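*Asks:* Attaching a predicted model along with its sequence, questions to come.
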Amino acid sequence: MNFIPYFAIFCVFIAAPLIVFGFIYLMRRSKTRLDEMDLKREILELEVRKESLHLETMKEENRKYDRIIEHNIDSSRK
């Protein structure tokens, strides 16, 4: 019994497409992972920016209350 024709059919119809489509699948999956990581990085950058703006707001609010307190202290001394 000669297995070469069966092996050739197996390689042509199963092994070769499996390898080709396997690589295509892996490339798409890695591209999707890369896009996902890029979006996560962008989200983290936005969260950092949000926190920095929140800190700026808190500083400004602190300055405002400091002025109010200083004004009240100056008014009470007079």
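*Replies:* Good, I have the coordinates.
*Asks:* Could you use CA atoms for every contact and neighbour count after this?
*Replies:* Noted.
*Asks:* show me where pLDDT drops low in this protein?
*Replies:* 77-78 (pLDDT under 70).
*Asks:* just the strands in it please.
*Replies:* With DSSP state E, there are no strands along the chain.
*Asks:* Pull the distance from the lengthiest helix in it to the chain's centre.
*Replies:* Longest helix in the chain by number of residues (criterion: DSSP state H): helix 16-77. With Cα atoms, centre = their mean, to the nearest Å as the basis, helix 16-77 stands 10 Å off its chain's centre.
*Asks:* Kindly provide the distance from the residue nearest to the spatial centre of the chain to Ala15.
*Replies:* The geometric centre of the chain, computed from its C-alpha atoms, lies nearest to Lys40 (Cα atoms, centre = their mean), at 0.8 Å. Relative to Ala15, Lys40 is positioned 37 Å away (Cα to Cα, to the nearest Å).
*Asks:* got it, and Glu45?
*Replies:* Glu45 is 45 Å from Ala15, by Cα to Cα.
*Asks:* Can I get stretch 65-78 in CSV, CA atoms only?
*Replies:* Listed next in CSV are the C-alpha coordinates belonging to stretch 65-78 (Å, rounded to 0.1, in the frame of the first residue of the first chain):
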residue,chain,number,x,y,z
TYR,A,65,-10.7,79.3,50.8
ASP,A,66,-7.3,80.7,52.0
ARG,A,67,-8.3,84.1,50.7
ILE,A,68,-11.7,83.9,52.4
ILE,A,69,-10.0,82.9,55.7
GLU,A,70,-7.4,85.6,55.4
HIS,A,71,-10.1,88.2,54.6
ASN,A,72,-12.2,87.0,57.7
ILE,A,73,-9.1,87.2,59.9
ASP,A,74,-8.3,90.7,58.7
SER,A,75,-11.9,91.8,59.1
SER,A,76,-12.0,90.5,62.7
ARG,A,77,-8.8,92.3,63.7
LYS,A,78,-10.1,95.7,62.7
